[in-house]
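*Asks:* Sequence below, structure please.
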Amino acid sequence: MRASLARSAVLAAAASLAACASGERMSAAGDVHSLLVAIRDDDRAAFDAHVDHAALQAEMQWIIVERAKASGLGSLGVLASGPLSSAAATVVLRPDVFRAIADYYGYRPDRPLPGTLSLAAALTPVDGGKVCARDARTKACLLTFSNEGGVWKLTAFDARRVGLGASGYGR
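*Replies:* As a prediction, the model looks like this:
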């Protein structure tokens, strides 16, 4: 009897966690959809509403510092990281730079828009209440979104896999 109750409790807990994860993915899917439409349509205002510029600039600064340390530039890299990441954010955080990733998820001008349900299926909950849009082949996290005051915003991306300006991601 105890084993049966324990199994039931474990199954109930697993079902509850699955429901939370599904709810989180569905909650994020609408905002992720809006971002991908903004990218497809080159709508800067809608893009900016779904991107956390400060978080992405901080991530770029961290990458600059880490690469400088790895190449032996240490302090110089730390000193230059602020201005370099600010300049990088200006160049990188634009809808046209992310066009290849929007194309990859089916957000192309020549096709009907994918539904949010299919987009929710492409999202994976990750630590800290975030969701990640993965590459279907490699399972690498391409875009990471965080819930900021009820709006899911892009807070991280894998620059190597997104392609940053390189057309043809996923082709």
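*Asks:* Going by neighbour count, which residues of the strand or helix carrying Pro83 are buried?
*Replies:* Taking DSSP states H and E as the criterion, the element that holds Pro83 is helix 74-92. Across helix 74-92, burial judged by 16 or more other C-beta atoms under 10 Å covers Gly77, Ser81, Leu84, Ser85, Ala88, Ala89, Val92. (Glycine included, C-beta is placed from N, CA and C.)
*Asks:* Could you check how far Ala87 is from Ala49?
*Replies:* 23 Å (C-beta to C-beta, to the nearest Å).
*Asks:* Next: Met60.
*Replies:* In terms of C-beta to C-beta, Met60 sits 20 Å off from Ala49.
*Asks:* Then Ala28?
*Replies:* From Ala28 over to Ala49 (counting by C-beta to C-beta), the distance is 15 Å.
*Asks:* which of those two has more neighbours?
*Replies:* Ala28 (25 against 14; other C-beta atoms under 10 Å).
*Asks:* residue ranges with poor pLDDT in the chain?
*Replies:* The chain contains residues with pLDDT under 70 at 1-22, 74, 160-171.
*Asks:* Which stretches in it count as helices?
*Replies:* 2-41, 44-49, 53-70, 74-92, 99-104, 116-122, 159-162 (DSSP state H).
*Asks:* Pick the most buried one from the ones you listed.
*Replies:* helix 99-104 (a mean of 21; mean count of other C-beta atoms under 10 Å).
*Asks:* Tell me the span between the first and last residue of stretch 38-46.
*Replies:* Counting by C-alpha to C-alpha, to the nearest Å, you get 6 Å between the two ends of stretch 38-46.
*Asks:* returning to what we had before: mind giving me a markdown table with the buried residues of helix 74-92 and columns for distance to Phe145?
*Replies:* A markdown table is the format used below for the buried residues of helix 74-92 (distance: C-beta to C-beta, whole Å):
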| residue | distance to Phe145 |
| --- | --- |
| Gly77 | 29 |
| Ser81 | 25 |
| Leu84 | 25 |
| Ser85 | 20 |
| Ala88 | 20 |
| Ala89 | 18 |
| Val92 | 17 |
